[in-house]
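>>> A predicted structure for the sequence below; I have some questions about it.
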Amino acid sequence: MRRSIGVVAITSLIISLLAPVSTASAAPSWTLIYETTTSARSGNNIVYTAGYGRGGTAVTNFANSGKTWDVIRVRFEATLSSTLYYTDVYFNKWSGATLTGLEFPDLTNANTIQRNVSNMVVASNYSGVRTGTFALGRLEWWPYNYGQTAGGLSPVGNSSTYDWDDSFVSGSGDHGSFQIHNLTDTQTVVAWNMHRTGTQELGMGNATSGGNPDWTGAGGVWTNAGFKVQIYVGDSVTIGTISQPTFSGSLAKGSTTTLSSIVNGPGRVTFFFKKKRIAGCVKKVAVDVSGSLTATCNFKPVTNGPGDLHAEYTPADSSYTAATSSAIAVNVLRRSNRR
Ligand SMILES: [Ca+2]
Ligand SMILES: [Ca+2]
């Protein structure tokens, strides 16, 4: 019996050491920069929540922070049949994107964004929205009137309906479109159209009434009770961390001890003694040990005397930054045991 228990214990240890560590990239850290809870313009202007407007405290503080951003997120909330739903979408920043360019499009800033975006991630509590990660999405954001004809992007939509491929003319009218589409599934994800005073055309997923998938002309199905649209920018890169190396017992010349360090992301660890790489302790893969990504190696000092140990983390991919641990001062004892 004892033997079988031992086998089980060893087997489970091996399994835990070999188990793949989740390498899903960490959730981006988000900063809310713009928000509106008013679905209709006031005059030429989208009405922002105090502090989250154009040139507001939020966007100004973010700009002044010097933080980088590589993802853009839109959260949209509106009501259908007395239930408030949300859809939350993020996608990669495109080259040339600016903070002011992400202001809601209105007749004052004349912002227009008609483009495809990549790596769209969709979350929603409304069943009509397909959730998940999609390779390609499209934004149709402008303050003007628009037509059903294709706008010149690929893939091409239906030129007889208002859908994920329409066209606008700068300066023409003031209907307005703030739409996000999932091109992988050719589905409208969120729509906020008709920004004039009146009944806005709101929706999540493809339109469920009228002949236009993007809710154009289908005002009043979804209502602006609880209406909220937020724009966030985020950084999907996580700062890497690595703990100071630990070991058990005392270090002695000629004796083997196990060094270990914990990192916060997938990758490899190299251990150093007196700032030199330790043989056999180079690029050790961090594995999940009781929930912590831990790298270990055997260290057998060849000389005695004082020195310092530290470790360096090399991430598996660009979603984490490299890191160097603090050093720990140690004193390697003389060979203590008989040979
Ligand atoms: Ca169209
Ligand atoms: Ca459209």
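Nice, I can see it. This is a predicted model, so every value here is computed, not measured. Ligands and ions are numbered 1, 2, ... in the order given.

>>> what's downstream of the helix-or-strand element of the chain with minimal mean pLDDT, the next helix or strand?
When the helices and strands of the chain are compared on mean pLDDT, DSSP states H and E, helix 2-18 comes out lowest with a mean of 43. Next helix or strand after helix 2-18 toward the C-terminus (DSSP states H and E): strand 29-36.

>>> strands paired with that following strand, and their directions?
Take DSSP bridges as the rule and strand 29-36 pairs in its sheet with strand 222-235 (antiparallel).

>>> For the strand it pairs with, list every residue counted as buried.
Across strand 222-235, burial judged by 16 or more other CB atoms under 10 Å covers 222, 223, 224, 227, 228, 229, 230, 231, 232, 233, 234, 235. Just so you know, the C-beta spots here come from the backbone N, C-alpha and C atoms, and that holds for glycine as well.

>>> In the record's domain split, what are the boundaries for the chain?
Listed by automatic domain parsing, the domain ranges of the chain are 5-24+239-332, 27-236.

>>> Low-confidence stretches in the stretch 201-339 of the chain?
336-339 (pLDDT under 70).

>>> For the residue lying closest to residue 261 once chain neighbours are set aside, list the residues it contacts.
Leaving aside its chain neighbours, residue 261 sits nearest to residue 311 (4.1 Å; criterion: CB to CB, 6 or more residues apart in numbering). Shown in contact with residue 311 (CB atoms under 8 Å, 6 or more residues apart in numbering): 242-245, 259, 261, 269-272, 295, 324-325.

>>> how near is residue 311 to residue 287?
15 Å (CB to CB, to the nearest Å).

>>> May I see the buried residues of strand 222-235 arranged in JSON lines, with distance to residue 88 as well?
Shown next, in JSON lines, are the buried residues of strand 222-235 (distance: CB to CB, whole Å):
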{"residue": "222", "distance to residue 88": "16"}
{"residue": "223", "distance to residue 88": "20"}
{"residue": "224", "distance to residue 88": "18"}
{"residue": "227", "distance to residue 88": "15"}
{"residue": "228", "distance to residue 88": "11"}
{"residue": "229", "distance to residue 88": "11"}
{"residue": "230", "distance to residue 88": "9"}
{"residue": "231", "distance to residue 88": "12"}
{"residue": "232", "distance to residue 88": "9"}
{"residue": "233", "distance to residue 88": "14"}
{"residue": "234", "distance to residue 88": "12"}
{"residue": "235", "distance to residue 88": "17"}
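
>>> Show me which of those is closest to residue 143.
residue 229 (14.4 Å; CB to CB).

>>> thought the closest one was touching residue 192?
Yes: Residue 229 lies in contact with residue 192 (CB atoms under 8 Å); the separation is 6.4 Å.

>>> what is in contact with these two at once?
Residues within reach of residue 229 and of residue 192 at once, by CB under 8 Å, 6+ apart, are 76, 178.

>>> residues of stretch 127-142 that come out buried?
Those would be 128, 129, 131, 134, 136, 137, 138, 139, 140, 141, 142, for stretch 127-142 by 16+ other CB under 10 Å.

>>> Okay, strands next: where are they in the stretch 201-339 of the chain?
201-204, 222-235, 257-263, 267-273, 276-277, 284-285, 287-289, 292-299, 305-315, 323-324, 328-332 (DSSP state E, counting those that start in this stretch).

>>> wait, which of these is closest to ligand 1?
Ranking the strands of the stretch 201-339 of the chain by proximity to ligand 1 (CB to the ion) places strand 201-204 first, at 15.0 Å.

>>> what's that closest one packed up against?
strand 71-80, strand 187-193, strand 222-235 (3 or more CB pairs under 8 Å, 6 or more residues apart in numbering; DSSP states H and E).

>>> Which one of those strands lies nearest to ligand 2?
Going by CB to the ion, the one of those nearest ligand 2 is strand 187-193, 7.5 Å.

>>> how many degrees apart are that closest one and strand 71-80 in direction?
70 degrees (axes from the mean of the first three to the mean of the last three CA atoms, to 10 degrees).
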